[in-house]
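Asker: predicted model follows, preceded by the sequence.
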Amino acid sequence: MPETTRIWPSQDAVLPEDVTDPLLWRLAYDVAVAHQPDAAGHCASLLCAGQGTPCAPLVNARRAMLLARGGAPGSAPVPAQWDWRREAA
Ligand SMILES: [Zn+2]
């Protein structure tokens with residue numbers, strides 16, 4: 001029987017208390033984790049082919065995480081030194 005269980009980083013993350021859309025937050029969290037910079041400062045995801053960070057998927061994931069917490073879309077500033085590990089605390 002094939003293994004069908006997939007482990008996503010968000011499965012182990014603790015939702016912030018103010019999250020109003022857990023599904024959106026977890027999806028965005030997984031995208032953000034996949035698009036963290038490598039040691040050279042480039043996106044580690046193969047989908048971004050070495051783009052500088054923050055790449056577009058990471059920026060959008062941050063916005064989605066803010067939205068999932070009731071934040072305003074678009075104009076909300078995203079910290080340049082955003083840390084996905086701290087977000088899940
Ligand atoms: Zn990326």
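Answerer: Everything's here; your move.
Asker: give me the nearest residue to the residue nearest the centre of the chain, chain neighbours excluded.
Answerer: Per CA atoms, centre = their mean, the C-alpha nearest to the average position across the chain is that of A32, at 2.3 Å. Excluding the flanking residues, the one nearest A32 by CB to CB, 6 or more residues apart in numbering is A61, at 4.0 Å. Just so you know, the C-beta spots here come from the backbone N, C-alpha and C atoms, and that holds for glycine as well.
Asker: how close does the residue nearest to the centre of the chain get to Q51?
Answerer: Counting by CB to CB, to the nearest Å, the separation of A32 from Q51 is 15 Å.
Asker: and what of R6?
Answerer: Using CB to CB, we find R6 at a distance of 25 Å from Q51.
Asker: those two: who's more crowded?
Answerer: In terms of neighbours (other CB atoms under 10 Å), Q51 is the more surrounded of R6 and Q51; the figures are 16 against 6.
Asker: show me what contacts that one?
Answerer: Taking CB atoms under 8 Å, 6 or more residues apart in numbering as the criterion, Q51 is in contact with 42-43.
Asker: gap between it and S45?
Answerer: 9 Å.
Asker: for D38, same thing?
Answerer: Using CB to CB, D38 is found at 10 Å from S45.
Asker: and for D12?
Answerer: Remark: distance between D12 and S45 (CB to CB) = 20 Å.
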